[in-house]
Structure formats: structure tokens, C-alpha cells
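>>> Let me see the structure of the following:
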Amino acid sequence: MPGGRLTQQDRQQIALGLADGLAYAEIARRLERPTSTVTREVMRNGGPLGYRADVAHRATERRNHRRRPAASRGTESAPQPHGRDAEAVREFEEMLTAVLMQSGLPNRMMARVMVCLYTSDSGSLTAAELVERLGVSPASISKAITFLESLDLLRRERDERRRDRYVVDEDLWYRSMVRSIRDNVLFAETARQGIAVFGPGTPAAARLESAAHFLEVVADSLTRAMEEAREVLHRKPETPPAAPGDPAGTDDPVPDRG
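Next comes the predicted model:
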């Protein structure tokens, strides 16, 4: 199986596969690469609709060039907690950043801040900690935080040293969906006002009525589903079973060797 980085020819094959409507797994099989490699490549370079082989190749070269000075300073080999693979963590963060951008976040910095917070074990960081982790200016962090707060994607709290900490918690996705539903309901209400303006029975009024009704039905269904599923966000993960032979995984008393 080929190893190393994707070549420009590989990227051209990926672009052709996407144009043909092939699944990532099929494209990866033809390239003899892991599916995760193709998924990361597409999601960090415009997504399935915006992927361009030449653009992706140049962007990758630029990213590699920027990483070389960092590597010489040893930042790439910084130890990870819990014995994590630093390279795997970095690649996952890049992939999740691309997914968030495709989902609607307007620029890479905002997506990087979200990923940094969401993948930190504490789920909260100060502005100074974000600056240090992402290697960017305080002004960039401040701008990203302001926008993310406006979308209810994070919240601010004070710690014991009276520093602002930015937090992503269990209710992040619940609040995000509530906001989306609220926006859709507002559109539906406004659309209904337009029916009288354009005249009942006219094509424009019918289109507005159809959109309003659709959004109201979806909002009602989503609200019920969210309330039923909300407890999932607060459910604590089960403790994984201990490995065979691990004393912590058995209730048998430890023999007295005294």
C-alpha cells in the first residue's frame, strides 16, 4: 500500500472521484489509501462540493512550509496528556476545523478556537491559553470569541483568579439548535406577513406560505426531539471494563500476603 503524503496525481484522482459521485471509501480503495486520509484531505480543502486538486495541493504545500519552523522549535513534539499521539491529534483537529467551517463558521480562526476548546480535557480555556495553544495574536482570539459568543457556541465565566474563561459544555449543541430553530421560526413568521403583501393565492404568496408551514412543522418536531434527547448530553460515560488480570476489574479480595 502506498505510503507518505498525497501527491498531486492522488489529488486529481480524488477530484475526479468526487465529480463522479464516488464515496470516500471507494476513492480511497482506488488510491490504496485509508478512507480517513481521503476524508481529511477533502474536508480540509473545501469539502466535497468545493474540492479542487490544484488548490488543495498548493494549500498543503503552504501548510507544510509553515510547520517547518515550528518543528525546529520542538512544538510539534510537545507531549500530549494521556499518552495521545500528537500527530493524530493534530490531524483530527484539522479535520474537525474543516467540518466546522463547512457547517457555517465564517473563517478558520473561529473554527480553530471552537476545536481547541472542544477537544481540551477541561472544556474551558482563558484567552491567554488560547493565544499560546494556537500561536496567534490576542486580537484574533478576541474577535473569534466575540462572534462565537453571539451564536451561543460558548459561554464566559470567571475563575478563582477573576480571569475570563471560555467554556464549551454539555449544552453546547442544545443551545446551538435552539438558536437555529428560533431563527427559522422568525423567518416563518415574517414569511406569513408577506402573504398579505403579495396577495393570497399568488405564486409568491404560495411560496412564502409553503416555506413558513415547512419551517414551523420542522421546528415543532425538532423541539420535541431535542427535549427528549437532551439527557444524552448529560449522561456520564461508562467506565470501560478493566483488562483481564487487572486487580481493579475484579471484586475478589486481594490475598493477605502479610
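>>> Let me see the ranges of the helices in this protein.
Taking DSSP state H to define them, one finds helices in the chain at 8-19, 24-31, 35-43, 47-50, 53-72, 86-103, 108-118, 127-134, 138-150, 172-198, 203-233.
>>> For the longest one, buried residues please.
Judged by neighbour count using 16 or more other Cβ atoms under 10 Å, the buried positions of helix 203-233 are Ala205, Leu208, Glu209, Ala211, Ala212, Leu215, Glu216, Ala219. Any C-beta I mention is one placed from the backbone N, CA and C, and that applies to glycine too.
>>> So what's the residue count around Arg84?
The criterion is other Cβ atoms under 10 Å. On that basis, Arg84 has 11 neighbouring residues.
>>> what are the phi and psi angles of it?
With angles defined as degrees, to the nearest 10, Arg84 sits at phi -70, psi 150.
>>> Repeat that for Leu151.
Dihedral pair for Leu151: phi -100, psi 10, per degrees, to the nearest 10.
>>> And for Leu105?
Torsion angles, degrees, to the nearest 10, at Leu105: phi -70, psi 130.
>>> Make residue 1 into 516 and carry on from there
OK, 516 is where the count begins now, so the last one is Leu620.
>>> and the closest residue to it other than its chain neighbours, what is it in contact with?
Counting by Cβ to Cβ, 6 or more residues apart in numbering, Ala626 is the residue found nearest to Leu620 once chain neighbours are left out, at 4.6 Å. If a contact means Cβ atoms under 8 Å, 6 or more residues apart in numbering, then Ala626 has Thr612, Ala613, Leu615, Met616, Leu620 as its contacts.
>>> Check the gap between the nearest residue to the first one once chain neighbours are set aside and Gly565 for me.
What that stands for is Thr612. Leaving aside its sequence neighbours, Thr612 sits nearest to Ala626 (Cβ to Cβ, 6+ apart; 4.5 Å). Separation of Ala626 from Gly565 (Cβ to Cβ, to the nearest Å): 15 Å.
>>> Fine by me, thanks again.
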